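> Below is the sequence, then the predicted model.
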Amino acid sequence: MSKKLFPVVILAIGIAGFILLKLTRPEPAQVTATERSWRVEVQTVEPGTHTPILPLYGEVVAPEQVTVVATLAGRIGERPVAEGQRVEAGELLVALDEVDVQPVLAQARSQVADLEAQIRSEQVRHKNDINALESEKAIESNARRQLERTRSLVERNLASREDLESATDALARAELTVQTRQRSVDDHPARLQSLEARLAQAQANLESTNRDAERSQAFAPFDGVVTGVQVAPGDQVSRNQALLSVYPAEGLELRARVPELFRAELQAALDRGEQLRAWSEGRDYRFELTRFAGTSDPTGTEAILALSGSAAGLRPGGLLPVTLERPEREQTVSVSFSALYGANAVYLMDDDNRMQRVEVHRIGEARGVNGERRLLVSGEALVSGARLITTHLPNAITGLKVDLAGEQQQ
């Protein structure tokens, strides 16, 4: 073979081999694009009547707490009770020393007795003034007649000028005496009224002192608990100084601030006569909403809840978290918090297993069968039998394909 044909032969063999390999190669499998789906859990919607709840944090108070004060100044004679001690109605709490009480009573009684004596003296004086006035008027008449006689004698030169002046002076003295006595008689009603007013004041002071003396021994007005003890036997106290306090064992209240968002709803329920109860954690204590405070501030209004049942373990001033049951709401659905997207949206699974976003109205929190926190919502799309997606997907969007994971939750 010619050397010039050798490259041509090799090239022809290579081309033939390439054609043969191309004709005998296997056909590639056809690839079709499949849509990805996300596994989710769903809840079958069953609208019904549920009770929304409102968590509150309040302070225990004793609205009937009584503070005992010293009615008189003196020393503490007795204080048989101690801080935190339970007492029964009528039991002695604290008493002032009798040595400090009796002198105050004696002084008040002496003031009354003194004024009563002054009134009797004034009445005797008035009688004497009336009798003396008659005599002094007679003396005045005699002095006037004597002056007329003396003047007549002087005109006939039978008496001296000195006799006339003496008679004139005697009449003037008699008239002055009568005027003075008459003024004393006329002032009698005013003097008597003043003394009677002072006597009434002294009698009122005596009554007040008697009452303060009786209250110098303070007794428990009800079955309760002693608190706020500030004195010990032998302490010197001033009038109106606080000594101790006592509050009833029953009748405690809880004051908790309620946001303005819920106040109108709760007040309307109270106006309708509904009972709204609140429970502490573990349901150890039960309260009932009775009223709202008379004033509000931007953070809300204080709700006043009365304790129902035993107050064992509760003390005024303590803080207590409770859960208030709001009025029942019809056509609502209890869902898990993971089902909520944003503030007011959830997703339903349609017949094609795709997500559909719907708007809902948030009612509030609720309690599940096992006591877990749930969300209470309502909405036109939440019809009976609808499948509500409870799995929270970060990429949730209307039309996203999903698959059901496990059995449906009821």
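That came through, no problem. Residues are numbered from 1 along each chain as shown.

> Mind listing the strands the helix or strand containing residue 302 pairs with, and their directions?
Following DSSP states H and E, one finds residue 302 within strand 300-308. Within its sheet, strand 300-308 is paired with strand 253-258 (antiparallel), strand 286-297 (antiparallel), according to DSSP bridges.

> next structured bit after the first one?
Using DSSP H and E, the next helix or strand after strand 253-258 towards the C-terminus is helix 260-271.

> Please identify the buried residues of that following helix?
262, 265, 266, 267, 269, 270 (16 or more other CB atoms under 10 Å). Where C-beta positions appear, they are placed from N, C-alpha and C, glycine not excepted.

> With stretch 336-353 instead?
Within stretch 336-353, the residues that count as buried by 16+ other CB under 10 Å are 336, 339, 340, 346, 347, 348, 349.

> What is the three-state secondary structure of the fourth one?
Secondary structure of residue 346, reduced to three states by DSSP: H, G, I helix; E, B strand; the rest coil: strand.

> From here on, call the first residue 6.
Will do, 6 is the new start, and the previous item becomes residue 351.

> How confident is the prediction for it, by pLDDT?
With respect to pLDDT, residue 351 scores 93.

> quick one: contacts for it?
Counting by CB atoms under 8 Å, 6 or more residues apart in numbering, residue 351 touches 340, 344, 345, 362, 363, 365, 382, 384, 393, 394.

> which of these lies closest to residue 402?
residue 362 (7.7 Å; CB to CB).

> from the chain's centre, how far out does the helix or strand encompassing the closest one sit?
For residue 362, the element it lies in under DSSP H and E is strand 360-364. Distance of strand 360-364 from its chain centroid, counting by CA atoms, centre = their mean, to the nearest Å, is 46 Å.

> on that earlier part again, just to be sure, which of the contacts of residue 351 are found in helices?
Assigned to helices by DSSP state H, none of those qualify.

> which one of the residues you listed is nearest residue 59?
Using CB to CB, these come closest to residue 59 at residue 382, 15.8 Å.

> if we can go back for a sec, average pLDDT for the strand holding residue 307?
Strand 305-313 carries an average pLDDT of 92.

> Same check on stretch 375-391?
Here the average pLDDT along stretch 375-391 is 89.

> And for the most centrally placed residue in the chain, nearest residue in space, chain neighbours not counted?
Nearest to the mean C-alpha position of the chain, counting by CA atoms, centre = their mean, stands residue 298 at 6.2 Å. Excluding the flanking residues, the one nearest residue 298 by CB to CB, 6 or more residues apart in numbering is residue 307, at 3.9 Å.

> One more: residue 354?
Nearest non-adjacent residue to residue 354 (CB to CB, 6+ apart): residue 392, at 4.2 Å.

> mind listing what the one you found touches?
Counted by CB under 8 Å, 6+ apart, residue 392 has contacts 47, 48, 49, 50, 353, 354, 413.
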